[in-house]
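[1] I would like to see how this sequence folds:
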Amino acid sequence: MKAIIAIPVFLVIVIVDIITKAVAEATLSPAGVPMPVFGEWFRFALVYNPGAAFGLHLGPYSRWLFMALTVGALVILGRLYRETEDGDNRRVLAITLVAAGAVGNVIDRIRSEFGVVDFLDVGIGSHRWPTFNVADIAVSTGAFLLALVLWKEERREEAALAAAAAASSSQSSDLVP
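    The predicted structure follows:
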């Protein structure tokens, strides 16, 4: 049942990410030259990111290190997915978004030594958000949703434990003459 949500969402994100990056590389040349879309606040600009989010770069081994970290994250996400109950659609969606975005970016790391293709540029004047792509949107949205889902699960578990403790305390006080 979970796969009914996971597979289509995963495929759509990865395919749209691959296509938009290919279009960006084909049409936004040379790299780094912005093309205004909605004035200066939203532009297309081809950027190759050899590091991680926000341009985090760890030297010549960044590509391999971030690929390994992605594989590790995908293993953890796979475990979370397997542990997710059927019907927990928000959790399935969150995990799928993060996984699809991670796969989209790791495909770039595998295919090119230049790094991940970023092309969406948002900001005002010199105050710009780091350039990003569809995979980044999926990872960010999914991570936020997953954090929210896990937080709500934790709150429900804490409430259940508190209710059980209160019921246990009430029962033990009923036994005392």
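
[2] What distance do you get for Trp64 to Asp17?
    Distance, Trp64 to Asp17, by CB to CB, to the nearest Å: 21 Å. Bear in mind the C-beta positions are built from the backbone N, C-alpha and C, glycine included.

[3] These two: who's more crowded?
    It is Asp17, of Trp64 and Asp17, that has more neighbours when counted by other CB atoms under 10 Å, with 24 against 11.

[4] Point out the other helices and strands that the lengthiest helix in the chain packs with.
    As assigned by DSSP state H, the longest helix anywhere in the chain is helix 134-175. Applying 3 or more CB pairs under 8 Å, 6 or more residues apart in numbering; DSSP states H and E, we find helix 134-175 packed against helix 2-27, helix 89-111.

[5] and those helices, which is most packed in?
    Greatest average neighbour count among these goes to helix 89-111 (a mean of 21), per mean count of other CB atoms under 10 Å.

[6] next SSE after that helix?
    strand 116-124 (DSSP states H and E).

[7] Can I get that following strand as CSV, trimmed to CA atoms?
    C-alpha atoms of strand 116-124 as CSV (Å, rounded to 0.1, in the frame of the first residue of the first chain):
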residue,chain,number,x,y,z
VAL,A,116,25.4,18.9,-8.7
VAL,A,117,23.6,21.1,-11.2
ASP,A,118,21.9,24.0,-9.6
PHE,A,119,19.9,26.6,-11.5
LEU,A,120,17.2,28.3,-9.4
ASP,A,121,18.4,31.6,-8.0
VAL,A,122,16.2,33.6,-5.6
GLY,A,123,16.9,36.8,-3.7
ILE,A,124,17.1,40.6,-3.8
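
[8] still on that earlier bit, columns distance to Ser126 and mean pLDDT on top of the helices and strands packed on helix 134-175, output as a markdown table?
    What follows is those, written out as a markdown table (distance: least, CB to CB, whole Å; pLDDT from 0 to 100):
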| stretch | distance to Ser126 | mean pLDDT |
| --- | --- | --- |
| helix 2-27 | 23 | 97 |
| helix 89-111 | 26 | 96 |
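
[9] right, and those helices - which one's nearest Val47?
    Minimum separation from Val47 across the helices and strands packed on helix 134-175 (CB to CB) falls at helix 2-27, 9.3 Å.

[10] Strand 116-124 and the longest helix of the chain, what's the angle between them?
    For helix 134-175 against strand 116-124, the angle by axes from the mean of the first three to the mean of the last three CA atoms, to 10 degrees is 80 degrees.

[11] pLDDT weak spots in the protein?
    52-60, 170-177 (pLDDT under 70).
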